[in-house]
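In: I'd like to go over a predicted model; first the sequence, then the structure.
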Amino acid sequence: MINLFDTIPSGFFNNLASGSNNRVYSDCFQIIYNQYDREISYRIARNQLRDAVAVYLLENHVTVEDLGEEMTDRRNYNDLANAILRRFCSKEVGWLEEDSDDATYEKHIIMTEQGVRLAEFLEQLKTPEREEYSSYIFNIYNILRNGEQWSQDPYAEGLKNIYRNAKLLSRALKKLSTFIKKIIERMIREETLESLTENIIEYCEGSFVREYARLTKQQNIHIYRTFIKGKLTDMQNDGRLFGLLVSGCAAEEGLTEEEAEDEVLEMLLLTRQFLTEDYDQIMQEIRHKINIYLQIAVGRARFLRNREADIRGSIERTIRYLAEEMEEIGWKDELPREASGLFLLDQHEFIDTGSIRFPRRQHSIQNETSAQIEEMTKEDIERAKASQEKEAFNPYSKEKMKAYLENILGPGKRLKSEELPLESRRDLLCALSAAAYGQENGYEIRTLDGYLETQNLLLRRFEIIKKY
């Protein structure tokens, strides 16, 4: 088995080690890599790279002493840039190669294959690209729907491409799940209510999971998956097509007929299993973590709001609220082990003098004071009573929702969610409140498959059944 270090130079990673000037070298390497963006190949004039590196060294005031160089003949930044290029071109490092043009004798710098991969890896670590999750599903769907495009080579242009898109989607969703966990951990370290509020608003607007939101908002995504699973089954059951897949795999991967058959069967099985079982499990886990994120965000917001209020018992009420919220979402059973230390209520790191009320000394009465009692007139009493009734009025109470359902159902016994009036946000709130109070008002609420879109929201389909 080939080892990685048998294919790269011995000092390939030395310039990025912690004991070296890794920041300067990595920046210079990224600058060199970016110079090739507008070129037709990874071959460029040496002077152009030297000037780009020299400008970076000048702007950042990098000196010979900073790089630990011992040679004293490097008097300017061009000499220092030339030294860095020679270092990258050395056989011990192997990031670059130097070549001369046979006609003009001009020196050129070529980025090696390993150097290109290293530069891409550093760029991806620095600024990760956002992946469009829904595109993987659509790519698989389009490949299977247009079979004539890969009929000449069903394995290389068809099955292999389908399997690759399924693996990429699986990896992308797993990374998203991990990313949400890190968002939760980062939220707990928020210092101010304002910064936490911005974080919650960012979630509500769908910015940090925009690609995930586009994937879930595709109401007919299950239709694509059903079509894909059916086509994969047909590929396995079609004797002629399956034979072409096996022979293509044997020729493409250099396998025997038996090994190629096992490989094709495994690719079909894993792709179908991912779209049938693994996909739903991953999506359910992501939704669960998003719900935990919101629960913790609300609890943390309440804590930050109350910790500086000079009200007796504010700390006790806040801690009690957090404990009840965490108990309600079952955090002890469902939170991953590495996230169990997010809330340590026995630590006093969040308690400050602003959240504690100190007992004050009672002052003795120095001067006698008196106040006249003014009786309220009947008009004042009626006005105050009307004001309190207006403040306590709830348009979505249990009684009003019962009357609302009786009015819509009439003599009927069943009503589906799409039959409810949902033209405005008020109608949507009435429908949700009616479903929430349905069991208490003598109705049975059953969830149905699928979703319906209204008011820029996705609402799970449900059915209201009158019990008596």
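Out: Received, thanks.

In: Is residue 462 in contact with residue 448, as I believe?
Out: Yes. The pair residue 462 and residue 448 passes the contact test of C-beta atoms under 8 Å, sitting 6.0 Å apart. Any C-beta I mention is one placed from the backbone N, CA and C, and that applies to glycine too.

In: any idea whether residue 408 is helix, strand or coil?
Out: Three-state assignment for residue 408 (DSSP: H, G, I helix; E, B strand; the rest coil): helix.

In: Which of residue 462 and residue 448 has more residues huddled nearby?
Out: More crowded of residue 462 and residue 448, by other C-beta atoms under 10 Å: residue 462, with 18 against 13.

In: what ranges do the strands span in the chain?
Out: When secondary structure is read from DSSP state E, the chain shows strands at 43-45, 96-100, 107-111, 414-416, 443-454, 457-466.

In: okay, the ones you listed, which one's buried deepest?
Out: Mean neighbour counts were compared across these using mean count of other C-beta atoms under 10 Å; the top stretch is strand 107-111, at a mean of 19.

In: List of residues touching it?
Out: 32-33, 36, 42-47, 49, 85, 89, 95-101, 119 (C-beta atoms under 8 Å, 6 or more residues apart in numbering).

In: partners of that strand, with directions?
Out: Its sheet considered, strand 107-111 pairs with strand 43-45 (antiparallel), strand 96-100 (antiparallel) by DSSP bridges.

In: quick one, which of those strands is nearest to residue 410?
Out: Distances from residue 410 to each of the strands paired with strand 107-111 were compared by C-beta to C-beta, and the smallest falls on strand 43-45, at 78.2 Å.

In: outside of the closest one, which residues touch it?
Out: 35, 36, 99, 106, 107, 108, 109, 110.

In: quick one: which of those residues is nearest residue 376?
Out: Using C-beta to C-beta, residue 35 comes nearest to residue 376 of these, at 82.9 Å.

In: What residues does that closest one make contact with?
Out: Under the criterion of C-beta under 8 Å, 6+ apart, the contact list for residue 35 reads 44, 48, 49, 52.

In: Swap in 10 Å and give it another go.
Out: By C-beta atoms under 10 Å, 6 or more residues apart in numbering, the residues touching residue 35 are 42, 44, 45, 48, 49, 51, 52, 53, 109, 111.

In: Residue 386 now?
Out: Contact partners of residue 386, counting by C-beta under 10 Å, 6+ apart, are absent.

In: pLDDT score assigned to it?
Out: For residue 386, the model assigns a pLDDT of 80.

In: tell me the domain boundaries of this structure?
Out: The record, using automatic domain parsing to delimit domains, assigns the chain the ranges 4-126, 133-339, 394-466.

In: quick one: which of the strands paired with strand 107-111 is nearest residue 232?
Out: Evaluated with C-beta to C-beta, the strands paired with strand 107-111 place strand 43-45 nearest to residue 232, the distance being 43.3 Å.

In: Pull out the buried residues from stretch 79-99.
Out: Of the residues in stretch 79-99, those buried under the neighbour-count criterion (16 or more other C-beta atoms under 10 Å) are 80-85, 87-89, 93-97.
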